[in-house]
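Student: heads up, no residue letters with this:
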Ligand code: NDP
C-alpha cells in the first residue's frame, strides 16, 4: 500500500555504462529522475534525507570496479524516515539508519531521495540524534567504533599505553581518534598531512608521527610502542605498526588506503601475544550494530563532529569522489540528498 507521502518518482545519482569513456573504465555518474518501481526489492521504503561520502563511494562513483552491476545508485550509507514497511516492524515516520549490507555495491544505495531495504538491515536512529548526525558518523564512524570496541574486547586499556591511529586525517581515522580520546586513551596519529596537526590535536591526538615512519619499520620485531592500533592504511604501514605493537597488544585492521598486502612474520603473534583483529562493518551482526550506534550517540555527540564534518549536495559527489581517493578529503562529508 502506498501512502500520501509516497511519490511516483525519485532522484538518484546513477552510475551507468558508458562505452565511449575510457578514463572511467566504461562507466559514468549522472543525476536521474526515475519511477519508484526502479528501486530494488525490500520490505521498507525509506525517504532518504542524508547519505555520506566514504572511500568505497569514491571507488564506485569513479568506476573503480566495486559495483556488481550497472546501472547502480552508489552510497553505502543512508539515513531517513520510513514511508512504508510491509513487515510491520517500523511505523511510518520512524527515523532509521542503514550502513553496509552491500547497499551502494550490490544493490542501490543512499545517493537518492528514496531507497528500499530489508527490515533486518535497519537500525533505529538513537534517541536525541538526527539523520545529519548519523551520516556524519556513517560507515566510517561506525567502523571506527567497531575498531575501538574490538580493542577493548581484546583487553586493551588506557593504562597500557598509547594507541596508534593510521590514516588519521581520514574519515575512519578522525572518528577513531575522537572515540579513543573519549574513552580515555592516549592517541598517536600517523598522517601524511602534517598541516592537519591542529585538527588532529583538537580531535584528541596527543602526538603525531609522519606517514613514512611506520613503513620504515622492517624488522620482524621492532621496539614495542603501541598498546593498540586502529589501522586504516594496510600494506607496509600495517606491517610496521604490527611489528611495533607491545606485548599482548592488539591491532584492529580496517582498511587498505595504502595497500591491501601484508608482508610480515608471525613473530609478534607468537612471541608477544599480539592480536590481529579484523573489522568488517558491512556484515556486522545486528546486536553489535545497535550497541555500536548507542555508544556513538553517547560518545560522539553532534557538537564533537562539527569540526570533522562538511555537508555537500548530491550534485557535488562526482567532484568529491576522486578527491577522497586521492586522500584529499578531511574527516567526514555528509551528503544532503534533497
Ligand atoms: P579516507 O580517504 O577518508 O581516509 C583514508 C586516509 O588514509 C587518508 O585520509 C590518508 O590519511 C590515508 N592515506 C591515503 N592514502 C594513503 C597512502 N597511499 N598511504 C598511506 N596512507 C594513506 O577513507 P576512510 O577513512 O573512509 O576509509 C579508510 C579505509 O578504511 C579505506 O581503505 C576503506 O576502504 C576502509 N574501510 C573499511 C571498512 C570496513 O568495514 N573494514 C569500513 C570503512 C572504511 P592521512 O592524510 O592522515 O595520511
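Tutor: Looks like it arrived, so ask away. Nothing here was measured: the structure is a model prediction, and the numbers come from that model.

Student: Which positions in this structure make contact with the ligand?
Tutor: 54-56, 139-140, 143, 167-173, 191-193, 211, 232-233, 237, 254-258, 279-282, 324, 327, 329 (Cβ under 6 Å from any ligand atom). For glycine as for every other residue, the C-beta is placed from the backbone atoms N, C-alpha and C.

Student: Can you tell me which of those are classed as buried?
Tutor: 54-56, 139-140, 143, 167-173, 191-193, 211, 232-233, 237, 254-258, 279, 281, 324, 327, 329 (16 or more other Cβ atoms under 10 Å).

Student: For whichever residue of the stretch 51-200 of the chain sits closest to the ligand, give me its contacts.
Tutor: Closest to the ligand within the stretch 51-200 of the chain is residue 170: 1.9 Å, counting by Cβ to the nearest ligand atom. Neighbouring residues of residue 170 by Cβ atoms under 8 Å, 6 or more residues apart in numbering: 55, 140, 232, 257, 327, 329, 331.

Student: So residue 233 is in contact with residue 257, correct?
Tutor: Yes - if you go by Cβ atoms under 8 Å, residue 233 and residue 257 touch, sitting 5.0 Å apart.

Student: Overlap in contacts, those two.
Tutor: Shared contacts of residue 233 and residue 257, defined by Cβ under 8 Å, 6+ apart, are found at residue 167.

Student: Nearest the middle, which residue of the protein would you pick?
Tutor: The C-alpha lying nearest the average C-alpha coordinate of the chain belongs to residue 140 (Cα atoms, centre = their mean; 2.0 Å).

Student: follow-up on the earlier one: now the residue of the stretch 51-200 of the chain closest to the ligand: how far from residue 327?
Tutor: Residue 170 sits 7 Å away from residue 327, going by Cβ to Cβ, to the nearest Å.

Student: Checking the residue of the stretch 201-338 of the chain found nearest the ligand next. Helix, strand or coil?
Tutor: The nearest approach of the stretch 201-338 of the chain to the ligand comes at residue 255, 2.3 Å away (Cβ to the nearest ligand atom). On the three-state scheme (DSSP: H, G, I helix; E, B strand; the rest coil), residue 255 is labelled coil.

Student: For the closest residue to residue 76 other than its chain neighbours, which residues are in contact?
Tutor: The shortest distance from residue 76 to any non-neighbouring residue, by Cβ to Cβ, 6 or more residues apart in numbering, is to residue 104 (4.0 Å). Each residue near residue 104 by Cβ under 8 Å, 6+ apart is listed here: 56-57, 60, 72-77, 110-111.

Student: And for residue 12?
Tutor: Contacts of residue 12 (Cβ under 8 Å, 6+ apart): 31-32, 34, 73, 108, 111-113.

Student: Apply 6 Å and report the result again.
Tutor: Residue 12 makes contact with 32, 73, 112, according to Cβ atoms under 6 Å, 6 or more residues apart in numbering.

Student: And for residue 296?
Tutor: Per Cβ under 6 Å, 6+ apart, neighbours of residue 296: 137, 145.

Student: all helices for the stretch 1-150 of the chain, in order.
Tutor: 55-61, 131-153 (DSSP state H, counting those that start in this stretch).

Student: Kindly reformat these as JSON lines containing mean pLDDT and distance to residue 85.
Tutor: As requested, these are exported to JSON lines (pLDDT from 0 to 100; distance: least, Cβ to Cβ, whole Å):
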{"stretch": "helix 55-61", "mean pLDDT": "95", "distance to residue 85": "26"}
{"stretch": "helix 131-153", "mean pLDDT": "97", "distance to residue 85": "17"}
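
Student: Redo the ones you listed as JSON lines? Include distance to residue 336.
Tutor: Shown next, in JSON lines, are those (distance: least, Cβ to Cβ, whole Å):
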{"stretch": "helix 55-61", "distance to residue 336": "15"}
{"stretch": "helix 131-153", "distance to residue 336": "8"}
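
Student: tell me the average confidence for stretch 182-201?
Tutor: Across stretch 182-201, the average pLDDT comes to 96.

Student: Buried residues in it, which are they?
Tutor: Buried residues in stretch 182-201 (16+ other Cβ under 10 Å): 182-183, 185-193, 196, 199-200.

Student: again, but for stretch 207-221
Tutor: For stretch 207-221, by 16+ other Cβ under 10 Å, it's 208-209, 211, 214-215, 217, 221.

Student: For the residue of the stretch 201-338 of the chain closest to the ligand, which non-adjacent residue is spatially closest?
Tutor: That would be residue 232: by Cβ to Cβ, 6+ apart, it lies 3.8 Å from residue 255.

Student: that older thread, which ones among the contacts of residue 12 lie within strands?
Tutor: If you go by DSSP state E, the contacts of residue 12 have residue 32 in strands.

Student: Make CSV from the contacts of residue 12 and add neighbour count to it.
Tutor: Listed next are those as CSV, based on neighbours: other Cβ atoms under 10 Å:
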residue, neighbour count
32, 16
73, 28
112, 28
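
Student: Nearest to residue 242 among the contacts of residue 12?
Tutor: Ranked by distance to residue 242 (Cβ to Cβ), the contacts of residue 12 are led by residue 73 at 37.4 Å.

Student: Please list all residues in contact with the closest one.
Tutor: Here residue 73 is in contact with 12, 14, 108-109, 111-112 (criterion: Cβ under 6 Å, 6+ apart).

Student: I am finished for the moment; much appreciated.
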